[in-house]
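K.L.:
just to be clear, the model below is a prediction. Sequence and coordinates:
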Amino acid sequence: AQKVTQAQTEISVVEKEDVTLDCVYETRDTTYYLFWYKQPPSGELVFLIRRNSFDEQNEISGRYSWNFQKSTSSFNFTITASQVVDSAVYFCALSEPYTGGGNKLTFGTGTQLKVEL
Amino acid sequence: GAVVSQHPSWVICKSGTSVKIECRSLDFQATTMFWYRQFPKQSLMLMATSNEGSKATYEQGVEKDKFLINHASLTLSTLTVTSAHPEDSSFYICSARLGQGNTEAFFGQGTRLTVV
């Protein structure tokens, strides 16, 4: 069975601090994809990144960076120099194979990030 | 990126009535769409997978007669909550994928349903 664990329920930081959101996953598949989504208070899910299981290169996009380590089944997300606009719930998700022709996502429970002035 | 539009964004209905939520892929065709449900401060739970031209596949524990899903075209899937009850109040969100395989999923804006 697929499982995604985000142990941090809520994190509060002061603006300009760096913050890392943890994500640990479980899967028996050798091919899979990992995702991070941002959910602001308005509710919509904003896609941040997709990473396949064969690509362990870390990625940086502006103030965002991701550390994928298959050895520990982790896919952590770091925001550098956090800003108030980063306040949101962040979800890590795992894509599993699905016989229906698409792939359904298993989401973690989310981490509420609060960035204060 | 691709756009998925969900309508309405919020709805209040009386117990016993039915509510239809639409999910449209605006600039791409989606053979598969997914419907999720999210309770306050909780994660998204997959309810069902909607395949164009065929019956939806429901997750365990989801009543297919209560949550009717129709995927009549490559750009539209609908979720109808029949005989709604207060416990059905939740945030419903759909997603659509570009093509097959582990591609990026684009999500609609979500629909907040309140049953009174």
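P.N.:
Received it, and whenever you're ready, just let me know what you need. These numbers come from a predicted model, not from an experiment. Residues are numbered from 1 along each chain as shown, chains lettered A, B, ... in the order given.
K.L.:
ok, A:F107 - contacts?
P.N.:
By C-beta atoms under 8 Å, 6 or more residues apart in numbering or on different chains, the contact list for A:F107 reads A:4, A:91-93, B:43-45. Just so you know, the C-beta spots here come from the backbone N, C-alpha and C atoms, and that holds for glycine as well.
K.L.:
what pairs with it across the strands?
P.N.:
Beta-bridge partners recorded for A:F107 (DSSP bridges): A:A93.
K.L.:
ok, A:R50 next?
P.N.:
A:F35.
K.L.:
wait, isn't it in contact with B:E104?
P.N.:
Yes - assessed by C-beta atoms under 8 Å, A:R50 is found in contact with B:E104 at 5.3 Å.
K.L.:
got any residues that touch both of the two?
P.N.:
A:F35.
K.L.:
which parts of chain B sit against chain A?
P.N.:
With C-beta under 8 Å from any C-beta of the partner chain as the criterion, chain B meets chain A at residues B:1, B:31-32, B:34, B:41-46, B:49, B:51, B:57, B:91, B:93, B:95, B:97, B:100-110, B:112.
K.L.:
which among the contacts of A:F107 end up buried?
P.N.:
Buried members of the contacts of A:F107, scored by 16 or more other C-beta atoms under 10 Å in any protein chain shown, are A:4, A:91-93, B:43-44.
K.L.:
among the residues you listed, find me the one that's closest to B:T17.
P.N.:
Of all the buried ones among the contacts of A:F107, B:L44 has the smallest distance to B:T17: 25.1 Å, by C-beta to C-beta.
K.L.:
if we ignore the residues flanking it in sequence, what's nearest the closest one?
P.N.:
Nearest residue to B:L44, sequence neighbours excluded (C-beta to C-beta, 6 or more residues apart in numbering or on different chains): B:Y36, at 4.2 Å.
K.L.:
is it true that that neighbour touches B:C94?
P.N.:
Yes - shown here, B:Y36 and B:C94 form a contact pair, counting by C-beta under 8 Å, at 7.3 Å.
K.L.:
what about A:V19, how many neighbours?
P.N.:
Residues lying near A:V19 (other C-beta atoms under 10 Å in any protein chain shown) number 20.
K.L.:
any idea how far A:I60 is from it?
P.N.:
For A:V19, the distance to A:I60 (C-beta to C-beta, to the nearest Å) stands at 15 Å.
K.L.:
B:L26 now?
P.N.:
B:L26 is 31 Å from A:I60, by C-beta to C-beta.
K.L.:
export the buried ones among the contacts of A:F107 to CSV and tack on distance to A:L105 and pLDDT?
P.N.:
Output for those, formatted as CSV (distance: C-beta to C-beta, whole Å; pLDDT from 0 to 100):
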residue, distance to A:L105, pLDDT
A:V4, 9, 96
A:F91, 9, 97
A:C92, 10, 97
A:A93, 4, 94
B:S43, 10, 92
B:L44, 8, 93
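K.L.:
perfect, I'm done here.
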